[in-house]
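Chemist: just a sequence and a predicted model for now, questions to come.
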Amino acid sequence: MLGIAIINYNQYEKTIDCVNSVFETARGIDYKIYLLDNCSPNGSFDILRREYGENPIVDCFQSEKNLGYARGNNLCIEKALADGCDYILISNNDIVFEKGAINLLLRDIKSRDCLLIGPALKTPAGKYQISVKPFAPSFKEYVFSETYFSNFDRKKKYKSRFFPHEFSYVYWVSGAVFMADIKLFEKIGFFDPATFLYFEEYIISEKAKRAGLKLGFEPTASVIHYHGASTGGNANYFTRLENLKSELYFFKNYLGAPKSRLKTIRFIRCLEVLFTFTKERKVKDAFKFIKNSKKL
């Protein structure tokens, strides 16, 4: 059986679109949806419970506090394991599945030697998003591709152009949506509960590498990703601070990065926040971020 983990936080409209797209596209599959409301303060849980509470293939439940991405998904996976699921589909609530996507991912995870497999991500306008990386980047490659310093890479030397047109084994796939072999996922300890938001895919990539497990990418399976719908955009103080916290945690605990590199990352992120927040007239939040980032 396939378990499908979806977490909602204050975005019940997007969550309903996501769940309904599963109903519409997952044909001939034995599955169960584990729909967690992460203690939304806006009444989302009551709306979702009214919508799906009587549906036997949807386990709609609420946490007592906001568990974040990693611990929230781990809770859903534990329920899926208890119900005897062999595979788990992890999906953001801002995902809409296109026809055949779930079936293709399930076919591949059953037949390929993989820990997990990710699909192609598209914007609502149909433009492909960066959802796959072929290999682990060096620190320099990371800085010039994953931060605002990419704006200085005018020759696009470090910008990833990798997009295979057939199934490929890769280093990294987007954490927005992927399908995993639940037993192999259990082997690497599922998601690292030390993170609240962000960098889960980088952490999984490193954990998989250490365990000798492969990650795959299936471009013929595609989903629509309403990027950032559940995290408040680029000028959100809380999510930006959580992003930096997870980023530093990853570099320190999984890559063994020296303090000099951690300071470099923090400095770059503070510049980004100062620039972005000032444009949005959130100068106080920018200086609050800079002050609190020192504690990380």
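Modeler: Yep, it's here.
Chemist: doesn't D285 fall inside a strand?
Modeler: No - per DSSP: H, G, I helix; E, B strand; the rest coil, D285 lies outside any strand segment and is helix.
Chemist: so how far is K279 from it?
Modeler: 12 Å (C-beta to C-beta, to the nearest Å). The way it works is simple: take the backbone N, C-alpha and C, and place the C-beta from them, glycine included.
Chemist: swap in N151?
Modeler: 14 Å.
Chemist: C-terminal to the helix or strand containing R107, what's the next element?
Modeler: Assessed by DSSP states H and E, R107 sits inside helix 101-111. If you walk from helix 101-111 toward the C-terminus, the next helix or strand you reach (DSSP H and E) is strand 116-122.
Chemist: who's in contact with that next one?
Modeler: 101, 104-105, 108-109, 128-129, 131-132, 163, 173-174, 176-181, 185, 204, 208, 215-225 (C-beta atoms under 8 Å, 6 or more residues apart in numbering).
Chemist: pLDDT weak spots in the stretch 101-250 of the chain?
Modeler: Flagging of the stretch 101-250 of the chain using pLDDT under 70 yields the residue ranges 153-161, 228-233.
Chemist: okay, stretch 106-122 in PDB with CA atoms only?
Modeler: Taking Å, rounded to 0.1, in the frame of the first residue of the first chain, the C-alpha atoms of stretch 106-122 are listed here in PDB:
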ATOM      1  CA  LEU A 106       5.200   4.200  -7.800                       C
ATOM      2  CA  ARG A 107       6.200   2.100 -10.800                       C
ATOM      3  CA  ASP A 108       9.700   3.400 -10.600                       C
ATOM      4  CA  ILE A 109      10.200   3.000  -6.800                       C
ATOM      5  CA  LYS A 110       9.000  -0.600  -7.200                       C
ATOM      6  CA  SER A 111      11.400  -1.400 -10.000                       C
ATOM      7  CA  ARG A 112      14.400   0.800  -9.400                       C
ATOM      8  CA  ASP A 113      17.100   0.400  -6.800                       C
ATOM      9  CA  CYS A 114      16.300   3.700  -5.000                       C
ATOM     10  CA  LEU A 115      15.700   5.200  -1.600                       C
ATOM     11  CA  LEU A 116      13.500   7.800  -3.200                       C
ATOM     12  CA  ILE A 117      12.400   9.300  -6.500                       C
ATOM     13  CA  GLY A 118      11.400  12.800  -7.300                       C
ATOM     14  CA  PRO A 119       9.300  14.200 -10.200                       C
ATOM     15  CA  ALA A 120       9.700  17.300 -12.400                       C
ATOM     16  CA  LEU A 121       8.300  20.400 -10.800                       C
ATOM     17  CA  LYS A 122       6.600  23.100 -12.800                       C
END
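Chemist: in it, what's buried?
Modeler: 106, 108-109, 114-122 (16 or more other C-beta atoms under 10 Å).
Chemist: in this protein, which residue is closest to the centre?
Modeler: Per C-alpha atoms, centre = their mean, the C-alpha nearest to the average position across the chain is that of G175, at 2.7 Å.
Chemist: a helix runs through that one, doesn't it?
Modeler: No - the assignment for G175, made by three-state DSSP, is coil rather than a helix.
Chemist: ok, it to E201 distance?
Modeler: Distance from G175 to E201, by C-beta to C-beta: 4 Å.
Chemist: likewise S174?
Modeler: Distance, S174 to E201, using C-beta to C-beta: 6 Å.
Chemist: mind checking the pLDDT average for the lengthiest helix in the chain?
Modeler: Counting residues, the longest helix in the chain under DSSP state H turns out to be helix 259-279. For helix 259-279, the mean pLDDT works out to 95.
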